[in-house]
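*Asks:* using only what follows, build the 3D model:
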Amino acid sequence: DGMSSRYCHWTFPEQSVEDLYPSYMMARRLNKRSPPAGGAMETLKPKMQTNMPAKKATRDPDVLADTKRNEKIVPGLVNQTLLKNSMYNKVVTVINNKYNIKYYYVLHYIVDMDWCHLVPMQAKGVFSGETFRSGRPRYKLVPEGQERELDLPASRCKQVLAYTVGKTNNADKEIWDIVEPHEQEEYEKALAAEKQKLRAKAQSEGGGKQQKESASKQAKQIQPWVNRAIKITRKLFKHKFSWPFLDPVDPVKLNIPDYFEIVTNPMDLQTVSNKLQSNSYTSYKEWEADVLLTFDNAMLYNPSDN
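*Replies:* Below is the predicted model of the structure:
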């Protein structure tokens, strides 16, 4: 397509011819010209847009740092108009693709060159549950090294409608729902109905939750046992042998690293007092159980002759 006459790929001296692979960065060949009167000629650097970060190593330790998947988006470095209209972070198909891959993810987009670096995608199982997506294929990025990644001009990339479902900042862990053109109308209707259903459910649950919280608060305020429990807990605090039970056990400070392996439900008097003050107990029995648990844990962890 004539690109070779205007651009060249970066390569490395230690690479053999057999190992050469098109780099993710390309440099524009500049025509020679006289330096301007004001000083040295400035070097023009292509702007690059990178995809969502992934906590993984670069695909090739010898390639430039710009090819790492863990590069983060830095607001303000990319022209927002170009960003809005670019192939950045999109799912695409490739025109005249000779490889047996249907969908690709735009991992990098070089704005000045209108150039994309593509990562192949594959279907991994189907969506489950009771949502409208149930039974639809789940797409993920192909693990590194399993399929060829492509460097192509954006003119050979055709964007397709795709929704990120995992909502993660890690591209390798993200899950996509890719919509075929003939599915778009029905899919958009199902998506709108699902959102409306979730909104209605949230409003219903929110109102019911507020009523329950109000009733629970009123019930706690009139319980006659609460003040009595507070008085008893204060007496326990003042007991001369209460000091081992006042605060949560600190395995590091006490050098007992196996404490939480033996005591799976820790409790202490300070926690009991805090729960009383915040009206966390709904009955006398709950408070009594936590107080007894404090001493039961001590007997469980320590030997009988302690």
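
*Asks:* quick one: the helices in this structure?
*Replies:* In the chain, the helices defined using DSSP state H lie at 80-85, 184-221, 225-238, 251-254, 259-262, 269-277, 284-301.

*Asks:* and for the longest strand seen in the chain, what's in contact with it?
*Replies:* The residue-count maximum for a strand in the chain (DSSP state E) belongs to strand 115-126. Contact partners of strand 115-126, identified using CB atoms under 8 Å, 6 or more residues apart in numbering, comprise 24, 26, 67, 87, 91-92, 94, 99, 101-110, 134-142, 147-154, 157, 171, 176, 178. The way it works is simple: take the backbone N, C-alpha and C, and place the C-beta from them, glycine included.

*Asks:* in ChimeraX, select just the buried ones from these.
*Replies:* The following ChimeraX line selects those of those that are buried, judged by 16 or more other CB atoms under 10 Å:
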select :24,26,67,87,91,92,94,101,103,104,105,106,107,108,109,110,136,138,139,140,141,142,147,149,150,151,152,154,157,171,176,178
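
*Asks:* show only the entries of the contacts of strand 115-126 found in strands.
*Replies:* Those of the contacts of strand 115-126 lying in strands (DSSP E): 26, 91-92, 94, 104-110, 137-141, 150-153, 157, 176, 178.

*Asks:* so who does Lys140 touch?
*Replies:* The contact partners of Lys140, taken as CB under 8 Å, 6+ apart, are Met121, Gln122, Lys124, Asp172, Glu174, Ile175, Trp176.

*Asks:* ok, back up a step: mind putting the helices of the chain in a markdown table, mean pLDDT and distance to Ala162 included?
*Replies:* Listed next are these as a markdown table, based on pLDDT from 0 to 100; distance: least, CB to CB, whole Å:
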| stretch | mean pLDDT | distance to Ala162 |
| --- | --- | --- |
| helix 80-85 | 46 | 17 |
| helix 184-221 | 76 | 11 |
| helix 225-238 | 90 | 55 |
| helix 251-254 | 87 | 48 |
| helix 259-262 | 88 | 44 |
| helix 269-277 | 91 | 48 |
| helix 284-301 | 91 | 50 |
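
*Asks:* so which of those helices is the most surrounded?
*Replies:* helix 269-277 (a mean of 17; mean count of other CB atoms under 10 Å).

*Asks:* can you list contacts of that one?
*Replies:* By CB under 8 Å, 6+ apart, the residues outside helix 269-277 that reach it are 226, 229-230, 233, 236-237, 242, 245-248, 280-281, 287, 290-291, 294.

*Asks:* what angle sits between that helix and helix 284-301?
*Replies:* 170 degrees (axes from the mean of the first three to the mean of the last three CA atoms, to 10 degrees).

*Asks:* could I get helix 269-277 in PDB with only the CA atoms?
*Replies:* Listed next in PDB are the C-alpha coordinates belonging to helix 269-277 (Å, rounded to 0.1, in the frame of the first residue of the first chain):
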ATOM      1  CA  LEU A 269     -15.300  -6.400  75.500                       C
ATOM      2  CA  GLN A 270     -14.500  -3.200  73.600                       C
ATOM      3  CA  THR A 271     -16.200  -4.600  70.500                       C
ATOM      4  CA  VAL A 272     -19.200  -5.600  72.700                       C
ATOM      5  CA  SER A 273     -19.400  -2.100  74.100                       C
ATOM      6  CA  ASN A 274     -19.200  -0.500  70.700                       C
ATOM      7  CA  LYS A 275     -22.000  -2.700  69.400                       C
ATOM      8  CA  LEU A 276     -24.200  -1.700  72.400                       C
ATOM      9  CA  GLN A 277     -23.600   2.000  71.800                       C
END
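
*Asks:* and that helix with helix 225-238, angle?
*Replies:* 160 degrees.
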